[in-house]
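Q: Could you work out the structure for the sequence below:
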Amino acid sequence: MERPILSDKSQFPTEETIFSHIGKTRNLWIGLFDHIRANHPDLTEEWRYYNDGKSWLMKVTKKSKTVFWLSILDGSFKTTFYFNDRAEPAVLGSGISDELKEQFMRGKRFGKIRGITVAYRHQSDVEQAKKLIALKLACK
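A: From the prediction side, this is the model:
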């Protein structure tokens, strides 16, 4: 498991702080959030400090629906999308990679939900996230 990066409760994550940690993946961050703002202006971003994980996480929502959770890594960042068991046919029939579908099928269950995590290293990861955002918004 990765070491929490944004672990100082008193230091709210600013863009400058985030970019200093994610390094070369800055362009992927910008690409992801440019897409969100252009195509999903109704999504909201909220940073919160969580004592259980001792770090700051971003929650992206549409009204009361959580679309994904985002955390900062050393040299990158990752998003996790949670889908309930009823969404399994939609996930398996979607255009996401076979690797992400496999991750969903083999993933740890939290009650009736399972997660799909995208760790950002390449532009293709942003493309997968775009598909996951659309899928999450289409699921009830």
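Q: avg pLDDT for stretch 54-67?
A: For stretch 54-67, the mean pLDDT works out to 96.
Q: swap in stretch 21-36?
A: So the average pLDDT for stretch 21-36 ends up being 97.
Q: buried residues in that stretch?
A: Residues of stretch 21-36 classed as buried: 21-22, 25, 28-29, 31-33, 36 (neighbour count, 16 or more other Cβ atoms under 10 Å). Every residue, glycine included, has its C-beta placed from N, CA and C.
Q: Report the distance from the helix or strand Val118 falls within to the chain centre.
A: Element membership for Val118, per DSSP states H and E: strand 113-119. Between the centre of strand 113-119 and the centre of its chain there are 8 Å (Cα atoms, centre = their mean, to the nearest Å).
Q: any chance you could map the strands in this protein?
A: With DSSP state E, the ranges of strands along the chain come out as 44-50, 55-62, 65-73, 76-84, 109-110, 113-119.
Q: Dump the ones you listed to CSV, plus mean neighbour count and distance to Gly95.
A: Putting the strands of the chain into CSV (neighbours: other Cβ atoms under 10 Å; distance: least, Cβ to Cβ, whole Å) gives the following:
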stretch, mean neighbour count, distance to Gly95
strand 44-50, 13, 25
strand 55-62, 18, 20
strand 65-73, 19, 17
strand 76-84, 19, 14
strand 109-110, 9, 24
strand 113-119, 19, 13
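Q: possible to save those strands as TSV with distance to Ala90?
A: Listed next are those as TSV, based on distance: least, Cβ to Cβ, whole Å:
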stretch	distance to Ala90
strand 44-50	24
strand 55-62	17
strand 65-73	15
strand 76-84	8
strand 109-110	17
strand 113-119	12
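Q: Which of these sits closest to Ser97?
A: Smallest distance to Ser97 across the strands of the chain (Cβ to Cβ): 9.6 Å, for strand 113-119.
Q: That closest one: partners in the sheet, and parallel or antiparallel?
A: strand 76-84 (antiparallel), strand 109-110 (antiparallel) (DSSP bridges).
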